[in-house]
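In: mind looking at a prediction? Sequence and model below.
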Amino acid sequence: MSIGPVELPEDIESLRALALRQLDQNAQQLEQITEQSERIAFLEECVRLLRHQRFGRSSEKSPNSQLGLFNEAECAADAFDLEEADDDEKIAVPAHMRRKSGRRPIPAEIPRVEIVHDLSEEEKVCPHDGCRLQEIGQETSEQLEIIPATIQVLRHVRPKYACPDCKSGVRIAPLPAQPIPKSLAAPGLLAHIAISKYGDGLPLYRQEKMLQRLGIDVSRATLANWMIRGAELGQPLINLIREELVAGDIVGADETRFQVLKEPGKAATSLSYLWVWRGGSEDHPLVLYDYAPSRGGEVPKRLLEGFRGYLQVDGYEGYNEVCETNGLVRVGCFAHARRKFDEALRAQGKGKKTGKKRSAKVSRSQQGLDWIRVLYRIEKKIADQPAADRYRIRQEHAKPQLDKIREWLDDSLNRVPPQSLTGKALAYLDNQWDRLIRYIDDGRLRIDNNLVENSIRPFVVGRKAWLFSDTVRGAEASATLYSLIETAKANAIEPYAYLRHVFTELPKATTLEQIEALLPHRIDRDQVRRYDHR
């Protein structure tokens, strides 16, 4: 369709008005084109990022060949190394130990079965002169062998006694307290099933098949009921862990989705959430899982009732209410800020050909990563230092770096389109700034919330295998068992040995002191070690 010539007005005022309207229309079209171009560029970044997340490596570490690729003057000058500080400020760093190449030795504590491969009597005679050969040494080699899980039956025999004269009654020893009364499941079997599911991500239907191969027919429903009953047995320990966690003054938190099929008032396809809290001390950490049907701000407010101190979380605004109500000091997570710059850089792809100037987005993304890496280098150097020394070193070295990052951030905010991933990374760093820098105020705080994310990872990995929980009771049981297992692991206790000890001793406990003695950070490790087969 052809457009004919536009008929222009004859008077000057009308012509001026037409020109102004045309200029305004051109400006609107230019603005629309600019917005569409930025939107297209953002979507292209998202596509590249999604491809990388699916097919690329997940580590945020950059290859050595990329380090310094965008070696801006300010980053190069501020690549701080504590070992190059003044003599009075030097920190003792353990000597680097180079790992030997080759096969790792098999641990000495693993039992050995010696198999001797000897010559026959005829072969022990010298073929040249007929003399008897003498043994001059041995040559040994080792292999790892494994025996599949075996099932045994614990047969409880209780002799009965009666008086042959008066025949007044029968006496019999009481049956020891069991984790699940009148059940086939012994403490070791309960611990094995729990660790297989909640520690190794092995769904119950697979365990059902594995037991069948061993000649034991136990239905999946029975296994699920055992887990619920075992979790109910461990509830007193969860109550004590919660009390100690809330009584402290530093807690890290995170949450992840959790689908429960049969939840009252909700569709089977709706999402619930699992909340994870980590507190306690550095030597005796506590990890607590909580199931909740929502992600609203009322959940942390309810679960952290009575807590006062530092709360370290990501940028999710659902924690605002509990921070305001309890007067908490909110601490941010630099790992989230670093991840956003890393994703923005990866979304740029391979970039332009060599010799052409890189875009502002790529350069700012790399600069953001470089700045944050400086902070992490400082943290790596002082990781083993006491809290007081960490506070002092952060004030001396991390604080000046943060001041320079703030100056760089203010200069960068208006240089990158806010809709781009780089712009979003800059905006996140800006919006979370006061929370992110809070970690330098107390040597006990950490630069990020990675310990909590590490605690939530076993659940996320397991969820890929078993996908959902059937009932609310099952979801709550999962939270309880994850809490016990992850707290044991955080305290360097083998989780199977710990659960087996708990399932054996907790039914016998009658006092608060006996229950407290079964907490992972208070337990007698020598008693647990008898179940540790490492």
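Out: Okay, I see it.
In: for the nearest residue to residue 373 once chain neighbours are set aside, helix, strand, or coil?
Out: Setting aside the residues directly before and after it, residue 373 is nearest to residue 338 in space (CB to CB, 6 or more residues apart in numbering), at 8.0 Å. To be clear about C-beta, it is placed using only N, CA and C from the backbone, and glycine gets the same treatment. When the structure is split into helix, strand and coil by DSSP: H, G, I helix; E, B strand; the rest coil, residue 338 lands in helix.
In: ok, now how distant is residue 338 from residue 369?
Out: Remark: distance between residue 338 and residue 369 (CB to CB, to the nearest Å) = 7 Å.
In: ok, now residue 50?
Out: Distance from residue 50 to residue 369, counting by CB to CB: 20 Å.
In: how about residue 11?
Out: Separation of residue 11 from residue 369 (CB to CB): 62 Å.
In: repeat that for residue 183.
Out: Shown here: residue 183 relative to residue 369, a distance of 55 Å by CB to CB.
In: so for those two, which sits in the more crowded spot?
Out: Ranked by neighbour count (other CB atoms under 10 Å), residue 183 and residue 369 place residue 369 first, with 24 against 15.
In: right, and that one touches residue 341 too?
Out: Yes: checked against CB atoms under 8 Å, the pair residue 369 and residue 341 is within contact range at 4.9 Å.
In: find the centremost residue of this structure, please.
Out: To find the centre residue of the chain, average its C-alpha atoms and take the closest one (CA atoms, centre = their mean): that gives residue 454, at 1.7 Å.
In: tell me the mean pLDDT over the helix or strand encompassing that residue?
Out: Taking DSSP states H and E as the criterion, residue 454 maps to helix 450-466. Averaged across helix 450-466, pLDDT comes to 89.
In: now it: how far from the chain's centre is it?
Out: Between the mean C-alpha location of helix 450-466 and the chain-wide mean there is a distance of 6 Å, by CA atoms, centre = their mean, to the nearest Å.
In: isn't residue 345 right up against residue 369?
Out: Yes: counting by CB under 8 Å, residue 369 is a contact partner of residue 345 at 6.5 Å.
In: give me the distance between the two termini of stretch 462-471.
Out: The first and final residues of stretch 462-471 sit 17 Å from each other (CA to CA, to the nearest Å).
In: now it: buried residues?
Out: Neighbour-count burial for stretch 462-471, with 16 or more other CB atoms under 10 Å as criterion, is recorded at 462, 463, 466, 469.
In: stretch 239-256 too?
Out: If you call a residue buried by 16+ other CB under 10 Å, then stretch 239-256 has these buried ones: 240-242, 244-246, 250-256.
In: from these, which two are the most distant?
Out: Of all pairs drawn from the buried residues of stretch 239-256, the greatest distance, 24.7 Å, lies between 240 and 256 (CB to CB).
In: shaky segments in the protein?
Out: Low-confidence segments of the chain (pLDDT under 70): 1-6, 44-45, 48-49, 52-102, 349-362, 533-534.
In: wait, what's in contact with the nearest residue to residue 425 once chain neighbours are set aside?
Out: Excluding the flanking residues, the one nearest residue 425 by CB to CB, 6+ apart is residue 340, at 3.8 Å. With contact set as CB atoms under 8 Å, 6 or more residues apart in numbering, residue 340 has these partners: 421, 424, 425, 428, 429.
In: mind checking which of those residues are in helices?
Out: Secondary structure of the contacts of residue 340 is defined by DSSP state H; positions in helices are 421, 424, 425, 428, 429.
In: between those residues, which is closest to residue 169?
Out: Using CB to CB, residue 428 is the member of the ones in helices among the contacts of residue 340 that lies nearest residue 169, at 76.0 Å.
In: was I right about that closest one contacting residue 314?
Out: No: counting by CB under 8 Å, residue 428 sits too far from residue 314 to count as a contact (9.9 Å).
In: what touches both of the two?
Out: residue 336.
In: sorry, back to before: and the residue nearest to the centre of the chain, how far from residue 342?
Out: Relative to residue 342, and taking CB to CB, residue 454 is found at 18 Å.
In: about what we covered before: how about the residue nearest to residue 373, what does it touch?
Out: When the contact criterion is CB under 8 Å, 6+ apart, the partners of residue 338 are 60, 369, 372, 373, 376.
In: export the ones in helices among the contacts of residue 340 to a markdown table and tack on neighbour count and distance to residue 216?
Out: What follows is the ones in helices among the contacts of residue 340, written out as a markdown table (neighbours: other CB atoms under 10 Å; distance: CB to CB, whole Å):
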| residue | neighbour count | distance to residue 216 |
| --- | --- | --- |
| 421 | 25 | 53 |
| 424 | 19 | 54 |
| 425 | 27 | 54 |
| 428 | 19 | 53 |
| 429 | 26 | 56 |
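In: rebuild the residues you listed as TSV, extending it with distance to residue 123.
Out: Listed next are the ones in helices among the contacts of residue 340 as TSV, based on distance: CB to CB, whole Å:
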residue	distance to residue 123
421	73
424	76
425	73
428	75
429	76
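In: and residue 214, how many neighbours does it have?
Out: Neighbour count for residue 214, taken as other CB under 10 Å: 11.
In: skipping adjacent residues, who's closest to it in space?
Out: residue 151 (5.2 Å).
In: equivalent analysis for residue 145, please.
Out: Spatially, and ignoring its direct neighbours in sequence, residue 145 is nearest to residue 113 (7.6 Å; CB to CB, 6+ apart).
In: helix, strand, or coil at that neighbour?
Out: Here residue 113 is coil, with the state taken from three-state DSSP.
In: okay, now the domains of the protein?
Out: Taking automatic domain parsing as the domain assignment, the record places the domains of the chain at 187-240+473-529, 333-350+357-442.
In: looking at those domains, which is closest to residue 120?
Out: It is, among the domains of the chain and with distance given as CB to CB, domain 187-240+473-529, at 39.8 Å.
In: first-to-last residue distance for the closest one?
Out: The first-to-last residue distance of domain 187-240+473-529 comes to 15 Å (CA to CA).
In: so residue 9: helix, strand or coil?
Out: Secondary structure state of residue 9, per three-state DSSP, is coil.
In: dump the residue contacts of it.
Out: Remark: with contacts taken as CB under 8 Å, 6+ apart, residue 9 is in contact with 15, 18.
In: need phi/psi at it.
Out: Main-chain dihedrals, residue 9, degrees, to the nearest 10: phi -70, psi 160.
In: measure the residue lying closest to residue 468 once chain neighbours are set aside to residue 277 for me?
Out: Setting aside the residues directly before and after it, residue 468 is nearest to residue 259 in space (CB to CB, 6+ apart), at 4.0 Å. Using CB to CB, residue 259 is found at 21 Å from residue 277.
In: those two: which has the busier surroundings?
Out: Each of residue 259 and residue 277 has its neighbours counted (other CB under 10 Å); residue 277 has more, 26 against 16.
In: now the more buried one: which helix or strand?
Out: Residue 277 is located in strand 272-280, with elements delineated by DSSP H and E.
In: how far does the following helix or strand past that strand sit from its chain's centre?
Out: Following strand 272-280 in sequence order, the next helix or strand is strand 285-292 (DSSP H and E). Between the centre of strand 285-292 and the centre of its chain there are 13 Å (CA atoms, centre = their mean).
In: just checking, what packs against the helix or strand hosting residue 171?
Out: In this structure, residue 171 is located in strand 170-172 according to DSSP H and E. Applying 3 or more CB pairs under 8 Å, 6 or more residues apart in numbering; DSSP states H and E, we find strand 170-172 packed against strand 160-162.
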